[in-house]
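Visitor: Have a look at this prediction, sequence included:
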Amino acid sequence: MIGGSHSGTNTITPCAACKLLRRRCAQECPFSPYFSPHEPQKFAFVHKIFGASNVSKMLMEVPESQRADTANSLVYEANARIRDPVYGCMGTVSALQQQSQSLQQELAAIRAEIMRCRYRENAMAAAAAAAASGVMIAGFPTTAQERALSVGLATTQSSQGNTLATTPDTKDRYW
């Protein structure tokens, strides 16, 4: 007997469910292990969305080892449904999937940019080594050839009546 009461009742502190439902919390109360009297809002949300009878049935249908997880899931789902009455948890799942896809696309773009930078570094190192040895690598003009090409393009454009004597950016030509 607890506190001089009958063996079937708990007079110390009723669980959040029994407080909300304004009933006595029995020792075998299905809610007391999962809905603490210190967090009454949890059961209030669950009760508002699912109803006490349905929650009790759901808790009794799962093995006892999984009831705590079930109660936590019900609390999460009820909170999600209150925040988003139309989509509930699926709204959260959908938003997270979209965020994941966006981040995967961003990661792919960054990886591609890293590969381009590595390619440029390798090509520039090869061109610099070739220029230092005086050998021209196919497709990579020497610095003197680049200058002559730039001057030639500017002269050609000026002689054709084009008032803009522009030279192409050398890195755009080769990369």
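Guide: Thanks, I have it.
Visitor: Find the nearest non-adjacent residue to Cys15, please.
Guide: Closest residue to Cys15 apart from its sequence neighbours, by CB to CB, 6 or more residues apart in numbering: Ser32 at 3.8 Å. Every C-beta, even on glycine, is put in place using the N, C-alpha and C of the backbone.
Visitor: I'd guessed that neighbour sits against Arg23; true?
Guide: No - here Ser32 lies out of contact with Arg23, judged by CB atoms under 8 Å, at a distance of 11.9 Å.
Visitor: pLDDT (mean, whole number) over the longest helix along the chain?
Guide: Assignment by DSSP state H gives helix 89-133 as the longest helix of the chain. When pLDDT is averaged over helix 89-133, the result is 92.
Visitor: Remind me what it packs against, helices and strands.
Guide: Contacts defined by 3 or more CB pairs under 8 Å, 6 or more residues apart in numbering; DSSP states H and E place helix 89-133 against helix 67-83.
Visitor: Counting neighbours, go ahead and name the busier of Ser32 and Arg23.
Guide: Ser32 (19 against 12; other CB atoms under 10 Å).
Visitor: just to revisit the earlier point, who touches both of Ser32 and Arg23?
Guide: Contact criterion CB atoms under 8 Å, 6 or more residues apart in numbering; residues bridging Ser32 and Arg23 by contacting each: Pro14.
Visitor: Can you find the helix or strand of the protein with the lowest average pLDDT?
Guide: Lowest mean confidence among the helices and strands of the chain (mean pLDDT, DSSP states H and E): helix 170-174, at a mean of 47.
Visitor: Need the three-state assignment for the residue nearest to Cys15.
Guide: Per DSSP: H, G, I helix; E, B strand; the rest coil, the local secondary structure of Ser32 is coil.
Visitor: Tell me who's in contact with it.
Guide: By CB under 8 Å, 6+ apart, Ser32 lies in contact with Asn10, Pro14, Cys15, Ala17, Cys18, Cys25.
Visitor: could you redo the last one with a cut-off of 10 Å?
Guide: Asn10, Thr13, Pro14, Cys15, Ala16, Ala17, Cys18, Cys25, Ala26 (CB atoms under 10 Å, 6 or more residues apart in numbering).
Visitor: Surely the fifth one touches Gln41?
Guide: Yes - look at Ala16 against Gln41 with CB atoms under 10 Å: they come within range, at 8.1 Å.
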